[in-house]
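> Provided below are the primary sequence and the corresponding predicted coordinates.
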Amino acid sequence: MFKKIMLVTICSGLAHIVYSQRTPAPYTSTETSKGFQKENIFLGGGLNLGFGTGSFGVGLNPEVGYSIANWMDAGIAINASYQSINADYNYGYSQKSFNYGAGIFTRIYPIQFLFLQIQPEHNWSNNTLKDPSTNFSQKINFQSNSLLAGIGYANRIVGQGNFYTVIMIDLMSDLHSPYRDGYNHILPVIRAGFNFYLKPSVKK
């Protein structure tokens with residue numbers, strides 16, 4: 001598990017280095033702009049990693065958003081993920097789950113490179129439970145709600161691009177949340193990705 005976490009960390013760092021090679025434009029405020037601006041729309045998303053004792057999860061998170069100001073982004077995110085839980089940590093049943101869902105996110109930047117994120121989601125889960133002692137298995141499907149919140153780092157220039165990493169936890173206690181294990185313990189979620197603005201602004 002440690003090797004997997006290190007691999008994700010190294011890959012995120014390399015991506016950040018590559019992204020940082022671009023010559024950044026001055027950090028300009030959008031607060032004085034009037035009305036809707038197409039160049040403030042961004043597309044992108046990233047990879048998320050969840051881990052805990054006896055459990056592991058990985059997924060993709062496409063998103064579309066809008067930079068309301070140079071201190072605030074908001075948008076819609078979709079998630080698709082796979083999760084496995086060892087039988088020793090799930091009432092004697094091993095569990096493999098495919099989860100998908102959608103939610104809305106808000107990112108607040110108290111300083112240029114640091115943001116706070118909150119993201120309510122609704123998720124659907126397709127699960128296979130197996131008793132290792134008898135090889136008996138069954139499929140169970142259910143829905144759940146979650147409220148992710150956390151802190152992240154971003155190399156962000158409004159109107160041009162964004163690389164980010166964020167760590168979040170689910171603040172709700174829904175047992176079926178893809179961000180909690182079989183004993184309802186919190187599974188930290190680490191995400192890293194890129195966003196690209198729909199119409200990059202040209203700085204003179």
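Perfect, I can see it now.
> Could you name the specific helix or strand carrying Gly57?
strand 55-69 (DSSP states H and E).
> What is the distance between that strand and the centre of its chain?
Centre-to-centre, strand 55-69 and its host chain are 4 Å apart (C-alpha atoms, centre = their mean, to the nearest Å).
> At which residues are the helices of the protein located?
2-20 (DSSP state H).
> From Ser94, how far off is the residue lying farthest from the centre of the chain?
No residue in the chain sits farther from the centre than Thr134, which is 36.5 Å out by C-alpha atoms, centre = their mean. Distance, Thr134 to Ser94, using C-beta to C-beta, to the nearest Å: 12 Å. C-betas here are computed from N, CA, C, even on glycine.
> any low-confidence regions in this structure?
Along the chain, segments meeting pLDDT under 70 span 1-34, 200-204.
> Partner strands of the strand of greatest length in it and their direction?
As assigned by DSSP state E, the longest strand anywhere in the chain is strand 136-157. Strand 136-157 has its sheet partners listed here by DSSP bridges as strand 114-131 (antiparallel), strand 161-170 (antiparallel).
> could you list every residue that touches the closest residue to Ser84 other than its chain neighbours?
Using C-beta to C-beta, 6 or more residues apart in numbering and skipping residues adjacent in sequence, the residue nearest Ser84 is Lys96, 5.2 Å away. For Lys96, the contact set (C-beta atoms under 8 Å, 6 or more residues apart in numbering) comprises Tyr82, Gln83, Ser84, Asn127, Thr128, Lys130.
> nearest to Asn61, of those?
Tyr82 (13.0 Å; C-beta to C-beta).
> so that closest one sits right up against Gln95, yeah?
No - look at Tyr82 against Gln95 with C-beta atoms under 8 Å: they stay out of range, at 11.3 Å.
> So between these two, which is more surrounded?
Set Tyr82 next to Gln95 and count neighbours by other C-beta atoms under 10 Å: Gln95 wins out with 21 against 14.
> give me the beta-bridge partners of the more buried one?
Under the criterion used (DSSP bridges), Gln95 bridges to Ile85, Leu129.
> swap in Gly101?
Applying DSSP bridges, one finds that Gly101 bridges with Asn79, Asn123.
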